[in-house]
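Peer 1: Next come a sequence and a model predicted from it.
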Amino acid sequence: MLNFNQRIIAPSLLAADWSKLADECEHAIDSGADWLHLDVMDGHFVNNISFGPNFVKHVHQIVPNAFLDTHLMIERPDKYIHQFIKSGSSNITIHVEPDYEIQETISEIKKSGITAGIAINPETSIETVRPYLDYVDILLIMTVTPGFGGQEFMIDETMPKVKEAKEIRERNNLSFHIQVDGGICSRTAKISASYGANIMVAGTGTFKASNMKSAIDEIRNA
Ligand code: DX5
Ligand code: ZN
(Lines give C-alpha, C1' and ligand atoms only; values in the text may rest on other atoms or scores of the structure.)
(Ligands and ions follow the chains in the order given, each with its own letter.)
Protein backbone atom coordinates (compact mmCIF):
# COMPACT_ATOMS: atom_id res chain seq x y z
CA MET A 1 0.00 0.00 0.00
CA LEU A 2 1.04 3.62 -0.51
CA ASN A 3 2.37 6.01 2.12
CA PHE A 4 -0.14 7.67 4.45
CA ASN A 5 0.44 11.14 3.07
CA GLN A 6 -0.36 10.21 -0.51
CA ARG A 7 -3.92 11.33 -1.17
CA ILE A 8 -6.12 8.86 -3.05
CA ILE A 9 -9.29 10.09 -4.74
CA ALA A 10 -12.05 7.55 -5.30
CA PRO A 11 -15.14 8.87 -7.15
CA SER A 12 -18.28 6.89 -6.22
CA LEU A 13 -20.14 5.47 -9.21
CA LEU A 14 -23.37 5.75 -7.21
CA ALA A 15 -23.42 9.38 -8.39
CA ALA A 16 -22.61 8.54 -12.03
CA ASP A 17 -25.11 8.53 -14.92
CA TRP A 18 -25.56 4.78 -15.40
CA SER A 19 -27.20 5.30 -18.80
CA LYS A 20 -23.68 6.11 -20.06
CA LEU A 21 -21.63 4.05 -17.64
CA ALA A 22 -18.67 3.43 -19.96
CA ASP A 23 -18.24 7.15 -20.69
CA GLU A 24 -18.58 7.98 -16.98
CA CYS A 25 -15.93 5.42 -15.92
CA GLU A 26 -13.50 6.51 -18.63
CA HIS A 27 -14.17 10.18 -17.90
CA ALA A 28 -13.43 9.66 -14.19
CA ILE A 29 -10.12 7.94 -14.95
CA ASP A 30 -9.19 10.59 -17.55
CA SER A 31 -10.06 13.26 -14.94
CA GLY A 32 -7.47 11.87 -12.53
CA ALA A 33 -9.42 9.42 -10.35
CA ASP A 34 -7.03 7.02 -8.58
CA TRP A 35 -9.76 4.50 -7.73
CA LEU A 36 -13.41 3.93 -8.59
CA HIS A 37 -15.63 3.43 -5.54
CA LEU A 38 -18.50 0.96 -5.96
CA ASP A 39 -21.32 1.24 -3.42
CA VAL A 40 -23.08 -2.12 -3.09
CA MET A 41 -26.34 -1.88 -1.11
CA ASP A 42 -28.69 -4.76 -0.25
CA GLY A 43 -31.78 -2.96 1.10
CA HIS A 44 -31.27 -4.62 4.50
CA PHE A 45 -28.10 -3.16 6.02
CA VAL A 46 -29.04 0.17 4.41
CA ASN A 47 -32.42 1.45 3.22
CA ASN A 48 -31.47 1.38 -0.44
CA ILE A 49 -30.61 -1.16 -3.13
CA SER A 50 -27.91 -0.29 -5.69
CA PHE A 51 -26.18 -3.07 -7.66
CA GLY A 52 -24.41 -6.45 -7.35
CA PRO A 53 -21.36 -8.36 -8.62
CA ASN A 54 -22.42 -8.17 -12.28
CA PHE A 55 -22.26 -4.37 -12.18
CA VAL A 56 -18.72 -4.59 -10.78
CA LYS A 57 -17.80 -7.11 -13.49
CA HIS A 58 -19.16 -4.74 -16.14
CA VAL A 59 -17.12 -1.83 -14.77
CA HIS A 60 -14.03 -4.07 -14.70
CA GLN A 61 -14.59 -4.90 -18.39
CA ILE A 62 -14.94 -1.20 -19.24
CA VAL A 63 -11.82 -0.07 -17.35
CA PRO A 64 -9.76 -3.25 -16.77
CA ASN A 65 -6.79 -1.38 -15.30
CA ALA A 66 -8.80 0.72 -12.85
CA PHE A 67 -8.55 0.03 -9.10
CA LEU A 68 -12.09 -0.96 -8.07
CA ASP A 69 -12.83 -0.13 -4.43
CA THR A 70 -15.92 -2.19 -3.59
CA HIS A 71 -17.83 -0.98 -0.52
CA LEU A 72 -20.22 -3.70 0.69
CA MET A 73 -23.12 -2.14 2.60
CA ILE A 74 -24.76 -5.54 2.97
CA GLU A 75 -25.91 -7.71 5.91
CA ARG A 76 -23.93 -10.82 4.94
CA PRO A 77 -20.72 -9.92 3.08
CA ASP A 78 -19.29 -13.34 4.04
CA LYS A 79 -21.76 -14.92 1.60
CA TYR A 80 -20.82 -12.72 -1.35
CA ILE A 81 -17.13 -11.76 -1.21
CA HIS A 82 -16.07 -14.51 -3.64
CA GLN A 83 -18.47 -13.16 -6.26
CA PHE A 84 -17.11 -9.65 -5.78
CA ILE A 85 -13.54 -10.92 -5.94
CA LYS A 86 -14.30 -12.81 -9.16
CA SER A 87 -16.00 -9.73 -10.64
CA GLY A 88 -12.71 -7.78 -10.47
CA SER A 89 -12.67 -5.88 -7.17
CA SER A 90 -9.22 -4.56 -6.20
CA ASN A 91 -10.29 -3.86 -2.61
CA ILE A 92 -13.33 -5.06 -0.67
CA THR A 93 -14.54 -3.15 2.38
CA ILE A 94 -17.01 -4.80 4.76
CA HIS A 95 -18.96 -3.23 7.64
CA VAL A 96 -18.38 -4.10 11.29
CA GLU A 97 -22.04 -3.63 12.32
CA PRO A 98 -23.78 -6.73 10.88
CA ASP A 99 -23.55 -10.15 12.59
CA TYR A 100 -21.21 -12.50 10.70
CA GLU A 101 -17.66 -13.92 11.01
CA ILE A 102 -15.75 -10.66 10.45
CA GLN A 103 -12.22 -11.92 11.10
CA GLU A 104 -12.77 -14.94 8.88
CA THR A 105 -14.16 -12.75 6.10
CA ILE A 106 -11.17 -10.39 6.27
CA SER A 107 -8.76 -13.33 5.91
CA GLU A 108 -10.80 -14.76 3.02
CA ILE A 109 -10.53 -11.42 1.18
CA LYS A 110 -6.78 -11.14 1.82
CA LYS A 111 -6.15 -14.78 0.89
CA SER A 112 -7.45 -13.98 -2.60
CA GLY A 113 -4.63 -11.42 -3.01
CA ILE A 114 -6.64 -8.21 -2.90
CA THR A 115 -6.77 -5.67 -0.07
CA ALA A 116 -9.38 -5.65 2.70
CA GLY A 117 -11.09 -2.74 4.40
CA ILE A 118 -13.40 -2.49 7.38
CA ALA A 119 -16.02 0.27 7.65
CA ILE A 120 -17.81 1.92 10.58
CA ASN A 121 -20.97 4.02 10.51
CA PRO A 122 -21.01 7.47 12.14
CA GLU A 123 -22.50 6.09 15.38
CA THR A 124 -20.03 3.17 15.65
CA SER A 125 -17.01 3.60 17.93
CA ILE A 126 -13.37 2.95 17.06
CA GLU A 127 -13.32 0.51 19.99
CA THR A 128 -15.79 -1.73 18.11
CA VAL A 129 -13.46 -2.04 15.15
CA ARG A 130 -10.16 -2.08 17.09
CA PRO A 131 -9.71 -5.90 17.02
CA TYR A 132 -9.57 -5.85 13.20
CA LEU A 133 -7.21 -2.92 12.69
CA ASP A 134 -4.16 -5.19 12.91
CA TYR A 135 -5.36 -7.09 9.85
CA VAL A 136 -6.95 -4.61 7.43
CA ASP A 137 -5.40 -2.37 4.80
CA ILE A 138 -8.13 0.30 5.08
CA LEU A 139 -10.35 1.66 7.85
CA LEU A 140 -13.34 3.37 6.24
CA ILE A 141 -14.89 5.94 8.57
CA MET A 142 -18.31 6.82 7.12
CA THR A 143 -18.89 10.55 7.28
CA VAL A 144 -22.61 10.14 6.47
CA THR A 145 -25.17 7.49 7.38
CA PRO A 146 -24.73 4.97 4.56
CA GLY A 147 -27.39 4.42 1.90
CA PHE A 148 -27.42 7.54 -0.23
CA GLY A 149 -25.19 10.07 -1.94
CA GLY A 150 -25.54 13.84 -1.58
CA GLN A 151 -25.80 13.95 2.23
CA GLU A 152 -24.24 16.44 4.67
CA PHE A 153 -20.72 15.69 6.04
CA MET A 154 -21.04 14.73 9.74
CA ILE A 155 -18.01 16.42 11.24
CA ASP A 156 -18.65 16.20 15.00
CA GLU A 157 -19.48 12.48 15.06
CA THR A 158 -16.63 11.43 12.79
CA MET A 159 -13.51 13.60 12.91
CA PRO A 160 -12.61 12.64 16.50
CA LYS A 161 -12.68 9.02 15.30
CA VAL A 162 -10.30 9.79 12.43
CA LYS A 163 -7.92 11.35 14.97
CA GLU A 164 -8.29 8.38 17.34
CA ALA A 165 -7.67 5.88 14.53
CA LYS A 166 -4.50 7.70 13.47
CA GLU A 167 -3.22 7.65 17.05
CA ILE A 168 -3.89 3.90 17.33
CA ARG A 169 -2.08 3.32 14.03
CA GLU A 170 0.97 5.30 15.13
CA ARG A 171 1.09 3.86 18.67
CA ASN A 172 0.91 0.29 17.40
CA ASN A 173 2.82 0.79 14.14
CA LEU A 174 -0.12 -0.52 12.12
CA SER A 175 -0.48 -0.16 8.36
CA PHE A 176 -4.14 0.63 7.64
CA HIS A 177 -5.03 3.73 5.61
CA ILE A 178 -7.90 5.93 6.80
CA GLN A 179 -10.64 6.48 4.22
CA VAL A 180 -13.61 8.88 4.52
CA ASP A 181 -16.81 8.55 2.56
CA GLY A 182 -19.84 10.83 2.39
CA GLY A 183 -20.15 14.56 1.74
CA ILE A 184 -16.55 14.88 0.58
CA CYS A 185 -15.59 18.01 -1.37
CA SER A 186 -12.45 20.18 -1.19
CA ARG A 187 -13.62 21.79 2.11
CA THR A 188 -14.42 18.52 3.89
CA ALA A 189 -11.42 16.73 2.35
CA LYS A 190 -9.17 19.38 3.90
CA ILE A 191 -10.80 18.86 7.29
CA SER A 192 -10.59 15.05 7.00
CA ALA A 193 -6.93 15.16 5.93
CA SER A 194 -6.09 17.45 8.86
CA TYR A 195 -7.33 14.73 11.25
CA GLY A 196 -5.50 11.93 9.39
CA ALA A 197 -7.53 10.59 6.44
CA ASN A 198 -5.78 10.11 3.10
CA ILE A 199 -8.31 8.19 0.97
CA MET A 200 -11.24 10.36 -0.11
CA VAL A 201 -14.46 8.97 -1.59
CA ALA A 202 -16.60 11.53 -3.41
CA GLY A 203 -19.76 10.92 -5.41
CA THR A 204 -21.65 14.21 -5.77
CA GLY A 205 -18.40 16.12 -5.34
CA THR A 206 -16.94 14.57 -8.51
CA PHE A 207 -19.58 13.13 -10.88
CA LYS A 208 -21.95 16.05 -10.30
CA ALA A 209 -19.25 18.72 -10.53
CA SER A 210 -19.28 21.00 -13.60
CA ASN A 211 -15.62 20.10 -14.22
CA MET A 212 -14.64 16.70 -12.82
CA LYS A 213 -10.92 17.15 -13.34
CA SER A 214 -10.79 20.41 -11.33
CA ALA A 215 -13.04 18.88 -8.67
CA ILE A 216 -10.64 15.95 -8.27
CA ASP A 217 -7.62 18.27 -8.30
CA GLU A 218 -9.23 20.48 -5.61
CA ILE A 219 -9.94 17.47 -3.40
CA ARG A 220 -6.40 16.19 -3.96
CA ASN A 221 -4.74 19.52 -3.13
CA ALA A 222 -7.11 20.57 -0.32
C1 DX5 B 1 -23.08 6.19 0.93
C2 DX5 B 1 -21.90 5.71 0.09
C3 DX5 B 1 -21.01 6.84 -0.33
C4 DX5 B 1 -21.74 7.88 -1.19
C5 DX5 B 1 -20.89 9.10 -1.33
O6 DX5 B 1 -23.73 5.08 1.47
O7 DX5 B 1 -21.11 4.79 0.81
O8 DX5 B 1 -19.89 6.31 -1.06
O9 DX5 B 1 -22.00 7.31 -2.47
O10 DX5 B 1 -21.66 10.04 -2.04
P11 DX5 B 1 -21.47 11.62 -1.76
O12 DX5 B 1 -20.02 11.89 -2.06
O13 DX5 B 1 -22.40 12.26 -2.74
O14 DX5 B 1 -21.82 11.86 -0.33
ZN1 ZN C 1 -19.22 4.20 -0.16
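Peer 2: Okay, I see it. Numbering: from 1, shown residues only. Ligands and ions are numbered 1, 2, ... in the order given.
Peer 1: From the contact counts, what lies against the longest helix seen in the chain?
Peer 2: When secondary structure is assigned using DSSP state H, the longest helix within the chain turns out to be helix 155-171. Contacts of helix 155-171 with other secondary structure elements, assessed using 3 or more CB pairs under 8 Å, 6 or more residues apart in numbering; DSSP states H and E, are made with helix 126-129, strand 138-142, strand 177-181, helix 186-195. Yep, even glycine has a C-beta here, placed from its N, CA and C like the rest.
Peer 1: Quick one: work out the angle between the longest one and strand 138-142.
Peer 2: In terms of direction (axes from the mean of the first three to the mean of the last three CA atoms, to 10 degrees), helix 186-195 departs from strand 138-142 by 130 degrees.
Peer 1: Only the buried residues of helix 186-195, if you could.
Peer 2: Neighbour-count burial for helix 186-195, counted by 16 or more other CB atoms under 10 Å, picks out 186, 188, 189, 191, 192, 193, 195.
Peer 1: pLDDT at the third one, what is it?
Peer 2: When you say that, I think you mean residue 189. pLDDT recorded at residue 189 is 98.
Peer 1: residues near residue 42, how many?
Peer 2: Other residues within reach of residue 42 by the criterion other CB atoms under 10 Å amount to 18.
Peer 1: I should have written residue 47 there, sorry.
Peer 2: For residue 47, the number of neighbouring residues by other CB under 10 Å comes to 11.
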